[in-house]
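Q: Structural data only, the sequence is not supplied:
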Ligand SMILES: Nc1nc2c(ncn2[C@@H]2O[C@H](COP(=O)(O)OP(=O)(O)OP(=O)(O)O)[C@@H](O)[C@H]2O)c(=O)[nH]1
Ligand SMILES: [Mg+2]
């Protein structure tokens, strides 16, 4: 007899200023490679990552790689629709990209929320930590405090080049999304639940009991 199989499909956004490494992080995460050549993303790109979360659970992540230049456009509302979580990325060697983090977070929170009105889970990525590591973070930036104040569920120093902390950051985000999904299910009235259970997305909420 086959083990029970739970499947989740989540749309995740990867946002942040131009050249911070969003495409590179996705490339590393999905294709296990890196290129030092910079080609700016135009509009949005997509990638799919399949995670075998535990022996019974498969999580499919649909990653939306949104061009840094889109912060100045008016398409983000469309791109953000129905996302369950996001990574906001900055480049530790360029302070201006950290200053833009709050702008990205505010843009996201003003245009996207969960069906229960709560904000989606967002993890902050301090990327390019292989380059003069901690240039920003050691300069008195209280990242934990910053994350608490601005509603991030966590932060990681990452390197797409050296493959540092990308898997860990993803697991952190997915863990929060799974927990949010359980909260969402509990907040739905029983007689409203029935028609929604036909959705293939939420098969069981037992995942929140894990890790
Ligand atoms: N040293 C180092 N370079 C990186 C890292 N991540 C990305 N880069 C380089 O930074 C440049 C920009 O990376 P991209 O991934 O294209 O940046 P992006 O955020 O997708 O940029 P847009 O598409 O313009 O928004 C490229 O030259 C990458 O090789 C990293 O972790 N370490
Ligand atoms: Mg890109």
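A: Everything's here; your move. Treat the numbers as computed from the prediction; the structure is a model and nothing was measured. Numbers count the residues shown, from 1 in each chain. Ligands and ions are numbered 1, 2, ... in the order given.
Q: drop to CA atoms for contacts and neighbour counts, all remaining ones
A: OK.
Q: secondary structure element for the residue nearest to the spatial centre of the chain?
A: When CA atoms, centre = their mean is applied to the chain, the residue found nearest the centroid is residue 86 (2.9 Å). Element membership for residue 86, per DSSP states H and E: strand 85-91.
Q: Relative to ligand 1, how far out is residue 52?
A: Remark: distance between residue 52 and ligand 1 (CA to the nearest ligand atom, to the nearest Å) = 25 Å.
Q: For residue 9, give me phi and psi.
A: phi -120, psi 120 (degrees, to the nearest 10).
Q: what about the strands in this protein?
A: Using DSSP state E, the strands found in the chain span residues 6-16, 44-54, 57-66, 85-91, 121-127, 154-157.
Q: and the shortest one, what does it pack onto?
A: When contacts are defined as 3 or more CA pairs under 8 Å, 6 or more residues apart in numbering; DSSP states H and E, strand 154-157 sits against strand 121-127, helix 143-150, helix 166-186.
Q: before we move on, what about the second one?
A: With contacts defined as 3+ CA pairs under 8 Å, 6+ apart, the secondary structure elements packing on strand 44-54 are helix 22-31, strand 57-66.
Q: Try it again at 6 Å.
A: When contacts are defined as 3 or more CA pairs under 6 Å, 6 or more residues apart in numbering; DSSP states H and E, strand 44-54 sits against strand 57-66.
Q: Report the mean per-residue pLDDT for the strand it packs on.
A: Across strand 57-66, pLDDT averages out at 97.
Q: now do stretch 131-142
A: 65.
Q: before we move on, what about stretch 164-178?
A: For stretch 164-178, mean pLDDT rounds to 97.
Q: Which positions in it come out as buried?
A: Using 16 or more other CA atoms under 10 Å as the test for burial, stretch 164-178 gives 164, 165, 166, 169, 170, 172, 173, 174, 175, 176, 177, 178.
Q: what about it, distance to the chain center?
A: 8 Å (CA atoms, centre = their mean, to the nearest Å).
Q: at contact distance from ligand 1, anything in it?
A: No. Using CA under 6 Å from any ligand atom, we find that stretch 164-178 stays clear of ligand 1, coming within 8.1 Å at best.
Q: near ligand 1, which residues of the protein show up?
A: Counting by CA under 6 Å from any ligand atom, the chain sits next to ligand 1 at 17-24, 35-41, 67-68, 127-128, 130-131, 159-161.
Q: Show the buried residues in those.
A: Here, 16+ other CA under 10 Å leaves 17-24, 41, 67-68, 127-128, 130, 159-161 buried among the residues of the chain next to ligand 1.
Q: out of the residues you listed, which touch ligand 2?
A: When contact is defined as CA under 5 Å from the ion, these meet ligand 2 at 23, 41.
Q: Now do the closest residue to residue 173 other than its chain neighbours against residue 18, distance only.
A: Nearest non-adjacent residue to residue 173, counting by CA to CA, 6 or more residues apart in numbering: residue 123, 6.3 Å away. Distance of residue 123 to residue 18, computed by CA to CA, to the nearest Å: 18 Å.
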